[in-house]
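Chemist: coords please:
(one chain, ligands or ions: 1)
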Amino acid sequence: MGRGKRKYSCMDAGADEWSSRLGFILASIGSAVGIGNIWRFSTIVGQNGGGAYLVPYLCAVFLVGLPMMILEMQTGHRLRAQVVQAFHRARSPLRHAGWIVCILVTGIIGYYLVVTGWTLAYVVFSLSGTRELFPAFTASFAPIISFLASAAICGAVISFGVRKGIERITTFLVPAIFVILTGMVLIAVQLPGFAAGVSYFLTPDFSVLADPLIWGAAIGQVFFSLSVGYGALLTYGSYFRSGEEIPRSAAIVTAADLAVAFLAGLVIFPIVFSYGLEPAAGPELAFTTLPLAFALMPWGDVLAVVFFALLFFAAISSAISFLEVPTVTLATMARIPRRRAAALMTIVVSLVGLPAALSYSAYPLHIGGVPVLDLMDEIFGTFGLSVSGLLIAVTFSWFVGPEVIWGDISRLSLFMRIVVPLCRYVIPAALVIVIVFRVLSWFLPAG
Ligand code: PHE
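Modeler: As a prediction, the model looks like this:
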């Protein structure tokens, strides 16, 4: 512990912390609930055996996702350190691993903010009553402007600090997400295609369970959806001073994340089926298919505004947690004020994300025929996430004494006695398998 010559005093970047446990939980839900929940989850479920996909998904949530979340929050809280400091405290040379995590996160924010920008642009379009179709949108320069605007919003929130910036905004955004989603479920239940939508979403096809790739994909989706593996919740945990009941707080965050994913499916598919549309994947579903349905629905204009506001709220609160990781790291390591670090990091992520923003704009930047955004998702979002999750899981369950992270081991609850070995053995093993499969998939012909 702290063997390196350099000692970083805890939270040099201005001793800022959550005002309460509720503030911590809401901010963490804000991080977890993101674009991943709203369209990625439901389309993946629909395409991968409906309800049967829930078996690997829920196994991954409880065996790797939730334990990893507890490990991250607990590590941040106990070490009171941002990512690089925390790795440094484990073993001085391991701080390089901390930097790798920061670099991977910076790569992810770059393209995540591009998609956040799309949701912002669609809020603006739907407010002004414009029916902008995705191909027309991505043939303009609007994606660049909305990307830069999203980056600026995140940077501004972060520069206000943990309590006055992040906590204040997530205390508004997270309840708003739940209110909007519940309202939309109430509307969806009354649609003629509700039963068809739900059956597409949830009818189990158990044959998929024999496919190991489904299990690997489920682990990846769980990590992404719960915001674990990037150090975001480690950073948030470091602002939670009293730290009481971290396992329970993590369970609440996980339950909220699952709830949003399910509710979103219960909204999206009934709408798609009621209007005879195709349940397509990803961006097309949210930005092309659903607007077609809104155009046909009573109060469709209002629904469009509300739906895109939901997507934007979910995206921006996640993007904020991403940006916080390198910002507080920079502020602490370079000993500069948070505001300056936030401004610098906003510029950095704007540069990093620019090629991704361009790749879906009037200047379609592709590499080898693939849009840069998709490449960045593969490199940073899928592969990088597993690598950074592995670095975090291995470092804090193998290179730091268990009592440092968990306190008096002999007094752990039964639940935590299960969580600790899951972090030590199951999560690293699962991530190694995911990484190996991923690398193999690059070299083996598809299918
Ligand atoms: N959990 C977010 C989502 O579902 C993505 C995210 C991952 C955000 C990691 C922050 C940190 O979209």
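Chemist: Next one: the helix or strand hosting residue 302, is it in contact with the ligand?
Modeler: Taking DSSP states H and E as the criterion, residue 302 maps to helix 300-333. Yes. Helix 300-333 lies within reach of the ligand by Cβ under 6 Å from any ligand atom, at 318, 321, 322. Yep, even glycine has a C-beta here, placed from its N, CA and C like the rest.
Chemist: So for that helix, what gets flagged as buried?
Modeler: In terms of neighbour count (16 or more other Cβ atoms under 10 Å), helix 300-333 has its buried residues at 300, 303-333.
Chemist: after that helix, next one along is what?
Modeler: Next element after helix 300-333 (DSSP H and E): helix 338-359.
Chemist: what's the neighbour count on residue 441?
Modeler: Neighbour count of residue 441, defined by other Cβ atoms under 10 Å: 14.
Chemist: Not counting residues beside it along the chain, what's closest to it?
Modeler: Spatially, and ignoring its direct neighbours in sequence, residue 441 is nearest to residue 213 (8.0 Å; Cβ to Cβ, 6 or more residues apart in numbering).
Chemist: My read is that that neighbour contacts residue 437, right?
Modeler: Yes. Between residue 213 and residue 437 there is a contact at 6.7 Å, judged by Cβ atoms under 8 Å.
Chemist: more crowded one of the two?
Modeler: Taking neighbours as other Cβ under 10 Å, residue 213 and residue 437 compare with residue 437 leading, 18 against 12.
Chemist: Tell me how far the more buried one lies from residue 429.
Modeler: According to Cβ to Cβ, to the nearest Å, residue 437 stands 13 Å off from residue 429.
Chemist: again with residue 75
Modeler: Relative to residue 429, and taking Cβ to Cβ, residue 75 is found at 19 Å.
Chemist: same deal with residue 101?
Modeler: 20 Å.
Chemist: Of the two, which one has the most company?
Modeler: More crowded of residue 101 and residue 429, by other Cβ under 10 Å: residue 101, with 27 against 13.
Chemist: That one: what secondary structure?
Modeler: Here residue 101 is recorded as helix under DSSP: H, G, I helix; E, B strand; the rest coil.
Chemist: Now do the nearest residue to it once chain neighbours are set aside, the pLDDT please.
Modeler: Among residues not flanking residue 101 along the chain, residue 388 sits closest, at 4.5 Å (Cβ to Cβ, 6+ apart). You'll see residue 388 listed with a pLDDT of 96.
Chemist: so what's residue 388 up against?
Modeler: Contact analysis of residue 388 by Cβ atoms under 8 Å, 6 or more residues apart in numbering lists 100, 101, 104, 105, 229, 230, 231.
Chemist: got it, and residue 35?
Modeler: Taking Cβ under 8 Å, 6+ apart, one finds 112, 115, 116, 119, 311, 314, 315, 318 in contact with residue 35.
Chemist: Tell me if I'm right that the fourth one and residue 308 touch.
Modeler: Yes. Under the criterion of Cβ under 8 Å, residue 119 is in contact with residue 308, at a separation of 5.9 Å.
Chemist: Any regions of the stretch 151-300 of the chain where pLDDT drops low?
Modeler: Along the stretch 151-300 of the chain, the parts satisfying pLDDT under 70 run over 280-283.
Chemist: Check it for the residue nearest the ligand and tell me.
Modeler: residue 227 (3.5 Å; Cβ to the nearest ligand atom).
Chemist: next one: the stretch 301-447 of the chain
Modeler: For the stretch 301-447 of the chain, Cβ to the nearest ligand atom, closest residue to the ligand: residue 318, 3.6 Å.
Chemist: Next, work out how far apart residue 251 and residue 32 are.
Modeler: From residue 251 over to residue 32 the distance is 12 Å, taken as Cβ to Cβ.
Chemist: Show me which of these two is the more surrounded one.
Modeler: Each of residue 251 and residue 32 has its neighbours counted (other Cβ under 10 Å); residue 32 has more, 31 against 16.
Chemist: Residue 16 and residue 161 touch, don't they?
Modeler: Yes. Using Cβ under 8 Å, residue 16 is in contact with residue 161, at 4.7 Å.
Chemist: what residues are shared contacts of the two?
Modeler: What both residue 16 and residue 161 touch, as defined by Cβ under 8 Å, 6+ apart, is the set residue 338.
Chemist: Now do the phi/psi pair for residue 18.
Modeler: Main-chain dihedrals, residue 18, degrees, to the nearest 10: phi -70, psi 150.
Chemist: Surely it and residue 28 touch.
Modeler: No. Using Cβ under 8 Å, residue 18 makes no contact with residue 28, being 9.6 Å away.
Chemist: So which of those two has more stuff around it?
Modeler: Applying other Cβ under 10 Å to residue 18 and residue 28 shows that residue 28 carries more neighbours, namely 31 against 22.
Chemist: residues in contact with residue 46?
Modeler: Applying Cβ under 8 Å, 6+ apart, one finds that residue 46 lies in contact with 200, 201, 265, 269, 279.
Chemist: can you rerun that using 7 Å?
Modeler: Neighbour list for residue 46: 200, 201, 269, 279 [criterion: Cβ atoms under 7 Å, 6 or more residues apart in numbering].
Chemist: With adjacent residues omitted, what lies nearest to residue 159?
Modeler: Distances taken as Cβ to Cβ, 6+ apart place residue 342 nearest to residue 159, at 3.9 Å, with adjacent residues excluded.
Chemist: Name the residues of the protein found near the ligand, please.
Modeler: Contact residues, the chain versus the ligand (Cβ under 6 Å from any ligand atom): 31-32, 34-37, 224-225, 227, 230, 232, 318, 321-322.
Chemist: I'd like those as TSV, with secondary structure appended.
Modeler: Listed next are the residues of the chain next to the ligand as TSV, based on three-state DSSP:
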residue	secondary structure
31	helix
32	helix
34	coil
35	helix
36	helix
37	helix
224	helix
225	helix
227	coil
230	coil
232	helix
318	helix
321	helix
322	helix
